[in-house]
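S.K.: The sequence isn't on hand, but the structure is:
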Ligand SMILES: [Zn+2]
């Protein structure tokens, strides 16, 4: 089996891929929502249908290669249209295979033997916008615009479980340096807005990579990290990724742990700090 799963709350099941992405299945009494669709590999739809008999809706946190291309397997998929252009390039089979070869190493051939879902650059998404609510029957999901990592990044509040799923929009190694990312200054404004909107509504934060749960102080910490970068007080650890030179705001060990016990971290470009 390509994916594994385990329950996180009354309504939320974590689905993990061998390349380290965290997807979430939120089950109501009438409908289930799959948050993110991974890469179009490992027969995700069949796996999800083994977990729930409910009709499915798919909600994408954003259009990146490791989150969205698997949407091709599903009919009813919501994504913010600001990520449409990113999705069209990231759904390419070549992009997915390249990413997985890098992440799966020796296990690539074995784990992808069943093949890939064909790329679907013309996929018709339903619009996903800030404040939109999904009633799954006894559990509600609210979409929250969280631009920065990508222009159309969305977080999801699972209201009854008091869980905020931030995707890649805010985590312990937030990429803010790839094409389409915003400046640190603009991102800081977005984090402040989300914190205000979500104040008092969540107790737990789930993310999309590695350890699924991070401390619920993440947004406050991230605002602090942004302010340090804007003030020129970040630790500026060099980081190279796909030919792009970036800086990490705070030093970590190889498990992304920081010496001060904090969690939020930002990877940004020195020439893209202010607007
Ligand atoms: Zn991403």
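M.R.: Ah, there it is. Given the structure is predicted, the values throughout are model-derived calculations rather than measurements.
S.K.: which residues does the residue nearest the centre of the chain form a beta bridge with?
M.R.: The centroid of the chain falls nearest to residue 167 when counting by Cα atoms, centre = their mean (2.5 Å). Bridge pairing for residue 167 (DSSP bridges) gives the partners residue 207.
S.K.: helices or strands up against the longest helix seen in the chain?
M.R.: Criterion DSSP state H: the longest helix present in the chain is helix 184-198. Using 3 or more Cβ pairs under 8 Å, 6 or more residues apart in numbering; DSSP states H and E as the contact test, the elements touching helix 184-198 are strand 140-145, strand 154-158, helix 218-230, strand 266-268. Where you see a C-beta, it was placed from the backbone N, CA and C, and this is true even at glycine.
S.K.: can I get the ones you listed in TSV with distance to residue 1?
M.R.: Shown next, in TSV, are the helices and strands packed on helix 184-198 (distance: least, Cβ to Cβ, whole Å):
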stretch	distance to residue 1
strand 140-145	26
strand 154-158	25
helix 218-230	31
strand 266-268	32
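S.K.: Make JSON lines from those and add mean pLDDT to it.
M.R.: Formatted as JSON lines, these follow (pLDDT from 0 to 100):
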{"stretch": "strand 140-145", "mean pLDDT": "98"}
{"stretch": "strand 154-158", "mean pLDDT": "98"}
{"stretch": "helix 218-230", "mean pLDDT": "98"}
{"stretch": "strand 266-268", "mean pLDDT": "98"}
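S.K.: between the ones you listed, which one is nearest to residue 3?
M.R.: strand 154-158 (19.5 Å; Cβ to Cβ).
S.K.: got the contact list for that closest one?
M.R.: 9, 11-12, 26, 35, 59-62, 80, 128, 130, 139-146, 163-167, 169-170, 194, 198, 201-202 (Cβ atoms under 8 Å, 6 or more residues apart in numbering).
S.K.: And for stretch 74-90, what's in contact with it?
M.R.: 34, 37, 45, 56-60, 62-65, 68-69, 71, 95, 121, 123, 125-129, 132, 143, 145, 147, 150-154, 179-180.
S.K.: Which of those fall in helices?
M.R.: 45, 95.
S.K.: ok, which of the contacts of stretch 74-90 also contact the ion?
M.R.: Of the residues in the contacts of stretch 74-90, proximity to the ion by Cβ under 5 Å from the ion holds for residue 64.
S.K.: Which members of the contacts of stretch 74-90 are classed as buried?
M.R.: 34, 37, 45, 56-60, 62-65, 68-69, 71, 95, 123, 125, 128, 132, 143, 145, 147, 150-154, 180 (16 or more other Cβ atoms under 10 Å).
S.K.: Thought residue 152 was touching the residue nearest to the centre of the chain, still the case?
M.R.: No. The criterion here is Cβ atoms under 8 Å, and residue 167 misses it with residue 152 at 10.9 Å.
S.K.: Now do the shared contacts for the two.
M.R.: residue 62.
S.K.: All set now, cheers.
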